[in-house]
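Asks: pasting the sequence and the predicted model now:
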Amino acid sequence: MSSYANPTVPIPPNPVFIDVAIAKLQNLVGSLTWLTHSFGRSYIKVTNRNGEEYREPMVYQSSGEYYSVEFNDNLQAMSFFEVGTQTINGEYERNTSNFYDVDLGLIVWVNLRQIDSVKGANYYFTEQLKKEVRDKLTNGGSIGMELNINSIEEDIDSIYSNYSFNQIDKQFFSYPYAGFKFNLTVTIEENCTL
(Lines give C-alpha, C1' and ligand atoms only; values in the text may rest on other atoms or scores of the structure.)
Protein backbone atom coordinates (compact mmCIF):
# COMPACT_ATOMS: atom_id res chain seq x y z
CA MET A 1 0.00 0.00 0.00
CA SER A 2 1.37 3.41 -0.89
CA SER A 3 1.30 6.39 1.40
CA TYR A 4 0.29 9.96 0.71
CA ALA A 5 3.91 11.10 1.06
CA ASN A 6 5.38 8.26 -1.01
CA PRO A 7 2.80 6.93 -3.48
CA THR A 8 3.34 4.10 -5.92
CA VAL A 9 2.78 4.83 -9.60
CA PRO A 10 1.12 1.78 -11.13
CA ILE A 11 0.66 1.06 -14.83
CA PRO A 12 -2.22 -1.35 -15.55
CA PRO A 13 -1.18 -4.84 -16.64
CA ASN A 14 -2.27 -5.74 -20.18
CA PRO A 15 -3.93 -2.37 -20.94
CA VAL A 16 -6.17 -1.93 -23.97
CA PHE A 17 -7.42 0.99 -26.06
CA ILE A 18 -7.08 4.35 -24.24
CA ASP A 19 -5.23 2.75 -21.32
CA VAL A 20 -2.48 1.71 -23.78
CA ALA A 21 -2.11 5.31 -24.95
CA ILE A 22 -2.03 6.60 -21.39
CA ALA A 23 0.54 3.98 -20.31
CA LYS A 24 2.82 4.97 -23.19
CA LEU A 25 2.41 8.67 -22.45
CA GLN A 26 2.81 8.06 -18.72
CA ASN A 27 6.18 6.39 -19.38
CA LEU A 28 7.17 9.08 -21.87
CA VAL A 29 6.58 12.08 -19.59
CA GLY A 30 7.76 10.04 -16.61
CA SER A 31 11.23 9.98 -18.18
CA LEU A 32 11.62 13.72 -17.42
CA THR A 33 14.25 13.91 -14.70
CA TRP A 34 12.32 16.37 -12.53
CA LEU A 35 8.90 14.63 -12.82
CA THR A 36 9.07 12.27 -9.85
CA HIS A 37 5.51 10.84 -10.08
CA SER A 38 3.92 10.26 -13.49
CA PHE A 39 0.46 8.90 -12.70
CA GLY A 40 -1.89 7.47 -15.30
CA ARG A 41 -5.62 7.79 -15.79
CA SER A 42 -7.59 9.71 -13.20
CA TYR A 43 -11.19 9.36 -12.11
CA ILE A 44 -13.41 11.86 -10.33
CA LYS A 45 -14.34 10.89 -6.79
CA VAL A 46 -17.38 12.70 -5.41
CA THR A 47 -17.81 12.92 -1.64
CA ASN A 48 -19.73 14.99 0.86
CA ARG A 49 -17.65 17.47 2.85
CA ASN A 50 -19.46 19.61 5.40
CA GLY A 51 -22.73 19.12 3.54
CA GLU A 52 -21.25 20.15 0.18
CA GLU A 53 -20.37 18.03 -2.85
CA TYR A 54 -16.60 17.67 -3.17
CA ARG A 55 -14.98 16.44 -6.42
CA GLU A 56 -11.33 15.39 -6.58
CA PRO A 57 -9.08 13.58 -9.06
CA MET A 58 -8.04 10.08 -7.99
CA VAL A 59 -5.84 7.42 -9.59
CA TYR A 60 -6.39 3.72 -8.99
CA GLN A 61 -3.61 2.12 -6.95
CA SER A 62 -4.64 -1.51 -6.36
CA SER A 63 -6.92 -3.65 -4.20
CA GLY A 64 -9.76 -1.14 -4.46
CA GLU A 65 -7.57 1.73 -3.22
CA TYR A 66 -7.36 5.15 -4.85
CA TYR A 67 -4.84 7.95 -4.41
CA SER A 68 -5.73 11.65 -4.57
CA VAL A 69 -3.70 13.54 -7.17
CA GLU A 70 -5.19 16.92 -6.35
CA PHE A 71 -2.13 18.56 -4.72
CA ASN A 72 0.66 17.09 -2.64
CA ASP A 73 3.41 19.27 -1.20
CA ASN A 74 5.37 16.12 -0.30
CA LEU A 75 6.13 15.49 -3.97
CA GLN A 76 8.60 17.33 -6.18
CA ALA A 77 6.42 17.05 -9.26
CA MET A 78 3.53 14.91 -10.46
CA SER A 79 1.31 14.47 -13.48
CA PHE A 80 -1.91 12.65 -14.28
CA PHE A 81 -4.27 12.21 -17.21
CA GLU A 82 -7.94 13.06 -17.64
CA VAL A 83 -9.90 11.15 -20.30
CA GLY A 84 -12.48 13.07 -22.30
CA THR A 85 -14.68 12.28 -25.26
CA GLN A 86 -13.87 9.26 -27.43
CA THR A 87 -15.14 9.95 -30.96
CA ILE A 88 -14.95 7.64 -33.97
CA ASN A 89 -12.78 9.12 -36.69
CA GLY A 90 -14.91 8.90 -39.84
CA GLU A 91 -17.55 6.20 -40.36
CA TYR A 92 -17.43 2.86 -38.55
CA GLU A 93 -16.59 0.00 -40.92
CA ARG A 94 -16.82 -3.73 -40.22
CA ASN A 95 -13.87 -6.07 -40.82
CA THR A 96 -11.33 -3.25 -40.97
CA SER A 97 -9.42 -0.99 -38.64
CA ASN A 98 -11.37 1.88 -37.13
CA PHE A 99 -9.79 4.85 -35.42
CA TYR A 100 -11.00 6.98 -32.54
CA ASP A 101 -10.00 10.49 -31.53
CA VAL A 102 -9.73 10.70 -27.75
CA ASP A 103 -9.39 13.95 -25.81
CA LEU A 104 -6.84 13.80 -22.99
CA GLY A 105 -5.78 16.33 -20.41
CA LEU A 106 -2.26 16.03 -19.00
CA ILE A 107 -2.09 17.96 -15.73
CA VAL A 108 1.32 18.70 -14.25
CA TRP A 109 1.81 20.10 -10.74
CA VAL A 110 5.29 21.09 -9.53
CA ASN A 111 7.19 22.38 -6.54
CA LEU A 112 9.78 24.68 -8.12
CA ARG A 113 11.85 24.89 -4.93
CA GLN A 114 12.28 21.12 -4.86
CA ILE A 115 13.15 20.94 -8.57
CA ASP A 116 15.81 23.68 -8.42
CA SER A 117 15.91 25.90 -5.34
CA VAL A 118 18.54 28.27 -6.77
CA LYS A 119 16.73 28.82 -10.05
CA GLY A 120 13.36 28.95 -8.30
CA ALA A 121 14.57 31.67 -5.92
CA ASN A 122 15.41 33.87 -8.92
CA TYR A 123 12.51 33.32 -11.32
CA TYR A 124 9.36 31.34 -12.04
CA PHE A 125 10.74 28.78 -14.52
CA THR A 126 7.52 27.01 -15.54
CA GLU A 127 8.07 27.91 -19.23
CA GLN A 128 11.18 25.74 -19.22
CA LEU A 129 9.23 22.84 -17.68
CA LYS A 130 6.37 23.25 -20.18
CA LYS A 131 8.89 23.22 -23.03
CA GLU A 132 10.43 20.00 -21.73
CA VAL A 133 7.00 18.34 -21.53
CA ARG A 134 6.10 19.65 -25.00
CA ASP A 135 9.41 18.34 -26.39
CA LYS A 136 8.77 14.89 -24.88
CA LEU A 137 5.28 14.78 -26.36
CA THR A 138 6.36 15.89 -29.82
CA ASN A 139 9.89 14.44 -30.09
CA GLY A 140 9.85 11.62 -27.56
CA GLY A 141 9.84 8.81 -30.04
CA SER A 142 7.14 6.72 -31.58
CA ILE A 143 4.22 5.86 -29.33
CA GLY A 144 2.32 4.11 -32.10
CA MET A 145 -0.46 6.67 -32.39
CA GLU A 146 -1.06 10.18 -33.64
CA LEU A 147 -0.79 12.82 -30.92
CA ASN A 148 -1.77 16.47 -31.20
CA ILE A 149 -1.28 19.21 -28.62
CA ASN A 150 -4.36 21.41 -28.92
CA SER A 151 -3.58 23.95 -26.20
CA ILE A 152 -1.69 24.52 -22.96
CA GLU A 153 -3.42 26.09 -19.98
CA GLU A 154 -1.89 27.90 -17.02
CA ASP A 155 -5.00 29.36 -15.40
CA ILE A 156 -5.44 27.29 -12.27
CA ASP A 157 -9.21 27.70 -12.21
CA SER A 158 -9.37 26.27 -15.75
CA ILE A 159 -6.90 23.47 -15.08
CA TYR A 160 -8.88 22.25 -12.07
CA SER A 161 -12.35 23.19 -13.34
CA ASN A 162 -13.57 19.56 -13.07
CA TYR A 163 -12.83 19.48 -9.36
CA SER A 164 -13.78 21.27 -6.16
CA PHE A 165 -11.04 23.77 -5.69
CA ASN A 166 -10.73 26.94 -3.67
CA GLN A 167 -7.56 28.80 -4.54
CA ILE A 168 -8.02 31.21 -1.62
CA ASP A 169 -7.97 28.37 0.89
CA LYS A 170 -5.32 26.18 -0.74
CA GLN A 171 -2.68 28.69 -1.92
CA PHE A 172 -1.01 25.91 -3.91
CA PHE A 173 -0.43 28.23 -6.85
CA SER A 174 2.03 30.78 -5.65
CA TYR A 175 5.76 30.19 -5.36
CA PRO A 176 7.07 27.52 -5.01
CA TYR A 177 4.05 25.77 -6.58
CA ALA A 178 2.95 25.87 -10.21
CA GLY A 179 0.72 23.91 -12.54
CA PHE A 180 -0.17 23.61 -16.18
CA LYS A 181 -2.32 21.41 -18.41
CA PHE A 182 -1.76 20.07 -21.91
CA ASN A 183 -4.99 19.48 -23.83
CA LEU A 184 -4.26 16.61 -26.22
CA THR A 185 -6.00 14.52 -28.84
CA VAL A 186 -4.73 11.02 -29.56
CA THR A 187 -5.92 8.93 -32.48
CA ILE A 188 -6.15 5.29 -31.48
CA GLU A 189 -6.79 2.18 -33.51
CA GLU A 190 -9.79 0.27 -32.18
CA ASN A 191 -7.87 -2.90 -31.27
CA CYS A 192 -4.97 -1.07 -29.61
CA THR A 193 -3.12 -3.30 -27.12
CA LEU A 194 0.39 -3.44 -25.70
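Replies: The structure has been received and is ready for your questions. Quantities reported herein were computed from a predicted structural model and do not represent experimental measurements.

Asks: what pLDDT does the model give the spatially most central residue of the chain?
Replies: What sits nearest the mean C-alpha location of the chain, by Cα atoms, centre = their mean, is F80, with 2.3 Å. pLDDT, F80: 95.

Asks: going forward, begin numbering at 55 instead of 1
Replies: From this message on, residue numbering opens at 55, which makes the last subject F134.

Asks: mind listing what it touches?
Replies: Applying Cβ atoms under 8 Å, 6 or more residues apart in numbering to F134 gives the contacts 93-96, 111, 113, 123, 160-161. Quick note: C-beta positions are derived from backbone N, CA and C, even for glycine.

Asks: rerun that using 6 Å as the cut-off
Replies: Each residue near F134 by Cβ atoms under 6 Å, 6 or more residues apart in numbering is listed here: 93, 96, 113, 123, 161.

Asks: confidence-wise, which of those comes last?
Replies: V123 (85).

Asks: where along this protein do the strands fall?
Replies: 91-103, 106-116, 119-122, 131-142, 153-165, 200-207, 231-243 (DSSP state E).

Asks: turn those into TSV, columns for distance to S215.
Replies: Converted to TSV, the strands of the chain look like this (distance: least, Cβ to Cβ, whole Å):
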stretch	distance to S215
strand 91-103	12
strand 106-116	10
strand 119-122	17
strand 131-142	10
strand 153-165	10
strand 200-207	9
strand 231-243	10
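
Asks: so which of these gets nearest S171?
Replies: strand 153-165 (9.9 Å; Cβ to Cβ).

Asks: where in this protein is pLDDT low?
Replies: 55-60, 194-196, 220-227, 245-248 (pLDDT under 70).

Asks: any idea how far the most far-flung residue of the chain relative to its centre lies from E136?
Replies: Computed with Cα atoms, centre = their mean, the residue of the chain farthest from its C-alpha average is N149, at 33.9 Å. According to Cβ to Cβ, to the nearest Å, N149 stands 33 Å off from E136.

Asks: among the strands of the chain, which comes closest to F179?
Replies: Per Cβ to Cβ, nearest to F179 of those: strand 231-243, 8.7 Å.

Asks: and for E147, the neighbour number?
Replies: E147 has 9 neighbours, counted by other Cβ atoms under 10 Å.

Asks: so it versus T62, what's the distance?
Replies: For E147, the distance to T62 - Cβ to Cβ - is 41 Å.

Asks: what does F234 give?
Replies: 24 Å.

Asks: equivalent analysis for V240, please.
Replies: Separation of V240 from T62 (Cβ to Cβ): 25 Å.

Asks: who has more neighbours out of these two?
Replies: Applying other Cβ under 10 Å to V240 and T62 shows that V240 carries more neighbours, namely 22 against 14.

Asks: what residues are up against the more buried one?
Replies: 75, 156, 199, 201.

Asks: ok, now T192?
Replies: So T192 contacts nothing (Cβ under 6 Å, 6+ apart).

Asks: about what we covered before: show me which of the contacts of F134 is closest to K185.
Replies: I161 (17.0 Å).
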